[in-house]
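> Build me a model from this:
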Amino acid sequence: QVQLVESGGGLVQAGGSLRLSCAASGRIFSIYAMGWFRQAPGKEREFVAASDWSGGSTYYADSVKGRFTTSRDNAKNTVYLQMNNLKPEDTAVYYCTHTQGEYAIVTARDRVDYWGKGTLVTVSS
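Sure, this is the predicted structure:
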């Protein structure tokens, strides 16, 4: 089992920034994919951002491209999401994801092995 603990959510005004962190613990494989999804009220959970194992390749949803940046520290089993120029439509619960034994970027929900409990991000206008 792998446990994921997110932190860094909160309330911010439009145009502001937040940095989310997610630390993985437990029976972690030597290689694994990590990323971020979000779910807004009344909407389906959607992909936000992810990187490959090395962190050298990243992929973003069109809605956050140019504003969000994901990075990871494999020595700490931790992934980050820097969110800049936040908009009210970014309001959602943000979930960290983990896929064991995967080097490449994971964007599909059905390929995720573990989900964090989520952290709420609220952007006021």
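
> For residue 22, grab the count of nearby residues.
25 (other CB atoms under 10 Å). C-beta coordinates here come from the backbone N, C-alpha and C atoms, glycine included.

> ugh, wrong one, residue 44
Per other CB under 10 Å, the neighbour tally for residue 44 reads 8.

> Now for residue 111: which residues touch it?
Residues near residue 111 by CB atoms under 8 Å, 6 or more residues apart in numbering: 99, 102.

> Please read the previous query as pertaining to residue 65.
Contacts of residue 65 by CB under 8 Å, 6+ apart: none found.

> Where does the most centrally placed residue in the chain fall, secondary structure wise?
Closest to where the C-alpha atoms of the chain average out (CA atoms, centre = their mean) is residue 36, at 2.3 Å. According to DSSP states H and E, residue 36 maps onto strand 32-39.

> for that strand, which positions count as buried?
Residues of strand 32-39 classed as buried by neighbour count (16 or more other CB atoms under 10 Å): 32, 33, 34, 35, 36, 37, 38.
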